[in-house]
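Asker: Test case, fold it:
(chains A, B, C and D)
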There are 2 protein chains.
Amino acid sequence: MGKERTKVSMAVIRRLPRYQRYLDELFKNDVKRISSRELSERMGVTASQIRQDLNCFGGFGQQGYGYNVEDLYNTITDILGLNRSYNTIIVGAGNLGQAIAGYTNFEKSGFTLKALFDVNPKLIGLRLRDIEILDVDTLPDFLHQHKVDIGIMCIPRKAAQQTADILTSNGVRAIWNFSMTDLDVPADIIVENVHLSDSLYTISYRLNEEELFNKIDKN
Amino acid sequence: MGKERTKVSMAVIRRLPRYQRYLDELFKNDVKRISSRELSERMGVTASQIRQDLNCFGGFGQQGYGYNVEDLYNTITDILGLNRSYNTIIVGAGNLGQAIAGYTNFEKSGFTLKALFDVNPKLIGLRLRDIEILDVDTLPDFLHQHKVDIGIMCIPRKAAQQTADILTSNGVRAIWNFSMTDLDVPADIIVENVHLSDSLYTISYRLNEEELFNKIDKN
DNA sequence: TAGATTGTTAATCGATTAACAATC
DNA sequence: TAGATTGTTAATCGATTAACAATC
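Answerer: Below is the predicted model of the structure:
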């Protein structure tokens, strides 16, 4: 029943948060409606792409008018699952873990931080925004007692796989991985990698690309 | 002279650091040679893709043998521009800025942190690994006096564009942007965005995708 | 109504995969 | 030499863009 549907590609999924950001901005600037063409100009993409992307999820516009900014913002927020709530924990309470713990906007979007974990005795017992830093040894126990949807891993490479195993074998459904290494997890587990080193190295590549090919072409 | 060459796509560029990571691992495990097929199995990609990717830069393998691990590692390191050095600064010395400042592996790969900047008087004057946190008001002056290749922006959204303008108009060639907003910069400036919120929101999307389409299909 | 803009199909473009001759 | 594996061309697949009928 309903029309044939193909899976939404990651390319589309990764564009959705950006649409949401731009619509949020428009809404805050009291813009009531916007056409795909105008939005495309602001965002530096094609109008066709915007219409195609949105139509993965249904027709939210109106011919001759465009899109209602507030409605479309709310719709995309809903598509992104940001009208729900998620329990999260952070493993690794160093600077990066603390930085992420400090993003109160994530809380506003439904991501509730339940606890942080660390191996460092100097950190264990401290509180961040009233959230306790616990001994990582207590992680399995904690997961047995609390439903955790998303595990945020801010730990060194060498501890990453072991921690991922603990998370996935205790009910965590998704991992936000900052560990700069790839994880081996069951097929039904969602992994979102933020490989900061990979990201940085694309910068050094691009800074040198021209020179690199001058060298290659000479040989 | 030399053969016709087409620009290397971002898809390929973004895979290079991952190749480097796997080759580093192999090298550390004393693996001397590897075929595209075996590497493809370890990495979960096709052998064809590996061979196509590498051949953007030349032929590094040997028929019937495969690739020499150490040579290929060194070659990719060179392609990524990691045999050079880059001067960097961090604008925004909060937890995230401090986290990035703390990655000593970046220093080892040639990224030299020259200074951090912040608006917070409590941070200004402090030192991290012997690197001083300076008043962001002194940023233009600093850029006049020091050659800075990469500006790392770890500041809130609202200050981002203004800071990007200061960086780009004072010789900074690339921006690593953690500000969760898009930047408007001259065409020759390299921008690498790490939009953490966008990344997180793809997780909530994927956690709910199935249910989302059950709902859509019912209508 | 006339003008504007969507939703959607068709065309194009680019990236990935397959195939295989070259060759170590 | 025979077997293995690359480098590279051709085929396929998927994503983006263009076009336009439908319709507000």
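
Asker: CA only for contacts and neighbour counts going forward, please
Answerer: Fine.

Asker: Note down every partner strand of the longest strand seen in chain A and its orientation.
Answerer: Ordering each strand of chain A by length in residues (DSSP state E) puts strand A:111-118 first. If you go by DSSP bridges, strand A:111-118 pairs up with strand A:86-91 (parallel), strand A:131-135 (parallel).

Asker: Pick the most deeply packed of those.
Answerer: A comparison of the strands paired with strand A:111-118 by mean neighbour count, using mean count of other C-alpha atoms under 10 Å in any protein chain shown, puts strand A:86-91 on top with a mean of 23.

Asker: Following that strand in sequence, what is the next regular element?
Answerer: Per DSSP states H and E, the first helix or strand lying C-terminal to strand A:86-91 is helix A:95-101.

Asker: Format the CA atom coordinates belonging to that next one as PDB.
Answerer: The C-alpha trace of helix A:95-101 is given here as PDB (Å, rounded to 0.1, in the frame of the first residue of the first chain):
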ATOM      1  CA  ASN A  95      38.500  18.100  26.800                       C
ATOM      2  CA  LEU A  96      36.600  16.700  23.900                       C
ATOM      3  CA  GLY A  97      34.100  14.800  26.000                       C
ATOM      4  CA  GLN A  98      33.600  17.900  28.100                       C
ATOM      5  CA  ALA A  99      33.200  20.100  25.000                       C
ATOM      6  CA  ILE A 100      30.400  17.900  23.800                       C
ATOM      7  CA  ALA A 101      28.800  17.700  27.200                       C
END
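
Asker: which residues touch the very next helix or strand once past that helix?
Answerer: Following helix A:95-101 in sequence order, the next helix or strand is helix A:104-108 (DSSP H and E). The contact list for helix A:104-108 (C-alpha atoms under 8 Å, 6 or more residues apart in numbering or on different chains) reads A:112, A:113, B:197.

Asker: and of those, the nearest to residue A:177?
Answerer: Using C-alpha to C-alpha, residue B:197 comes nearest to residue A:177 of those, at 13.6 Å.

Asker: Tell me what the most centrally placed residue in chain A is bridged to.
Answerer: Taking C-alpha atoms, centre = their mean, the centroid of chain A lies closest to residue A:192, which sits 6.9 Å from it. Beta-bridge partners of residue A:192, counted by DSSP bridges, are residue A:176.

Asker: what about chain A, any weak spots by pLDDT?
Answerer: Judged by pLDDT under 70, chain A has its weakly predicted residues at A:1-6, A:219.

Asker: Write out the residues of it neighbouring DNA strand C.
Answerer: A:34-37, A:47-48, A:51-52, A:54-55, A:58-67 (C-alpha under 7 Å from any atom of the strand).

Asker: Let me see the domain layout of chain A.
Answerer: Using automatic domain parsing, the domain ranges for chain A come out as A:10-79, A:86-198.

Asker: Of the ones you listed, which stretch is the most buried?
Answerer: When you average the neighbours per residue for each of the domains of chain A (mean count of other C-alpha under 10 Å), domain A:86-198 leads with a mean of 18.

Asker: now the end-to-end length of that one.
Answerer: The stretch domain A:86-198 measures 28 Å between its terminal residues, going by C-alpha to C-alpha, to the nearest Å.

Asker: Next: stretch A:86-103.
Answerer: First residue to last in stretch A:86-103 (C-alpha to C-alpha) measures 15 Å.

Asker: Contacts for that stretch, please.
Answerer: Applying C-alpha under 8 Å, 6+ apart, the contact partners of stretch A:86-103 are A:110-119, A:123, A:128-129, A:133, A:136, A:147-155, B:94-96, B:98-100.

Asker: How about stretch A:64-78?
Answerer: Residues contacting stretch A:64-78 (C-alpha under 8 Å, 6+ apart): A:16, A:19-20, A:23-24, A:26-27, A:31-36, A:60-61, A:83.

Asker: Which one of those is nearest to chain B?
Answerer: Within the contacts of stretch A:64-78, proximity to chain B (C-alpha to the nearest C-alpha) peaks at residue A:16, which comes in at 8.2 Å.

Asker: Could you give the separation of the helix or strand that closest one falls within from the chain centroid?
Answerer: Taking DSSP H and E as the criterion, residue A:16 maps to helix A:10-28. Averaging C-alpha positions (C-alpha atoms, centre = their mean, to the nearest Å) puts helix A:10-28 13 Å from its chain's average.

Asker: Name the strands paired with the next helix or strand along the chain from that helix and say parallel or antiparallel.
Answerer: Following helix A:10-28 in sequence order, the next helix or strand is strand A:33-34 (DSSP H and E). Partner strands for strand A:33-34, per DSSP bridges, with pairing direction: strand A:67-68 (antiparallel).

Asker: The helix or strand that the strand it pairs with is followed by close to DNA strand D?
Answerer: The helix or strand immediately downstream of strand A:67-68 is helix A:69-79, counting by DSSP H and E. No: on the criterion C-alpha under 7 Å from any atom of the strand, helix A:69-79 is out of touch with DNA strand D, staying 14.9 Å away.

Asker: is any part of the longest helix seen in chain A close to chain B?
Answerer: Longest helix in chain A by number of residues (criterion: DSSP state H): helix A:196-218. Yes: interface with chain B: helix A:196-218 contributes A:197-208, A:212, A:216-218 (C-alpha under 8 Å from any C-alpha of the partner chain).
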